[in-house]
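Engineer: let's see this in three dimensions:
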Amino acid sequence: MAWLLVVVAGILETGFAVCLKLSHGFTRLWPTIAFAVFALGSFGLLTLSLRKLDVGPAYAVWTGIGASGTAIYGMVFLDDIVSTLKIVSICLVLAGVVGLQLSGSSH
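Structural biologist: Numbering: from 1, shown residues only. Next up, the predicted model:
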């Protein structure tokens with residue numbers, strides 16, 4: 001259950017990163033509100049998961065999901081540049097996340 005919280009928190013991290021961009025420096029109301037909701041949810045779920053998990057692997061998985069999700073979202077929806085190197089790099093981040101999760105916590 002704790003790892004599920006980390007995964008959902010990572011997905012919410014993607015949401016808050018995207019909303020941060022869409023807020024244009026907190027000058028747009030709804031993206032700013034969405035940023036705050038996603039950020040609070042993400043940090044809250046990560047905090048709950050850390051009751052059961054080691055901080056290193058959990059934090060790495062959380063940031064890996066957030067970074068990869070944000071990069072993918074940007075390429076698909078925000079016209080960010082798509083390149084083979086970027087896609088391979090995202091795959092490597094995800095492979096590292098899986099490896100850390102599998103080696104992770106003894107709790």
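
Engineer: CA atoms for contacts and neighbours, from now on please.
Structural biologist: Noted.

Engineer: how about residue 90, nearest residue that isn't a chain neighbour?
Structural biologist: In this structure, residue 90 finds its nearest non-sequential neighbour in residue 68, 5.7 Å apart by Cα to Cα, 6 or more residues apart in numbering.

Engineer: could you give the average pLDDT over the helix or strand where the one you found lies?
Structural biologist: Using DSSP states H and E, the element containing residue 68 is helix 55-77. Here helix 55-77 scores 94 as its mean pLDDT.

Engineer: buried set for that helix?
Structural biologist: 55, 57-73, 75 (16 or more other Cα atoms under 10 Å).

Engineer: so who does the residue nearest in space to the middle of the chain touch?
Structural biologist: Closest residue to the average C-alpha location of the chain: residue 66 at 1.6 Å, with Cα atoms, centre = their mean. Each residue near residue 66 by Cα atoms under 8 Å, 6 or more residues apart in numbering is listed here: 10-14.

Engineer: who wins for most neighbours among those residues?
Structural biologist: Counting neighbours by other Cα atoms under 10 Å, the top entry in those is residue 10, with 29 neighbours.

Engineer: what's near enough to touch that residue?
Structural biologist: Here residue 10 is in contact with 42, 61-66 (Cα under 8 Å, 6+ apart).

Engineer: for the helix or strand where residue 97 lies, the distance to its chain's centre please.
Structural biologist: Assessed by DSSP H and E, residue 97 sits inside helix 84-103. Chain-centre distance of helix 84-103: 13 Å, with Cα atoms, centre = their mean, to the nearest Å.

Engineer: other SSEs contacting that helix?
Structural biologist: helix 55-77 (3 or more Cα pairs under 8 Å, 6 or more residues apart in numbering; DSSP states H and E).

Engineer: where does this structure have low pLDDT?
Structural biologist: By pLDDT under 70, the low-scoring segments of the chain are 104-107.

Engineer: again, only using 50
Structural biologist: For the chain, no stretch has pLDDT under 50.
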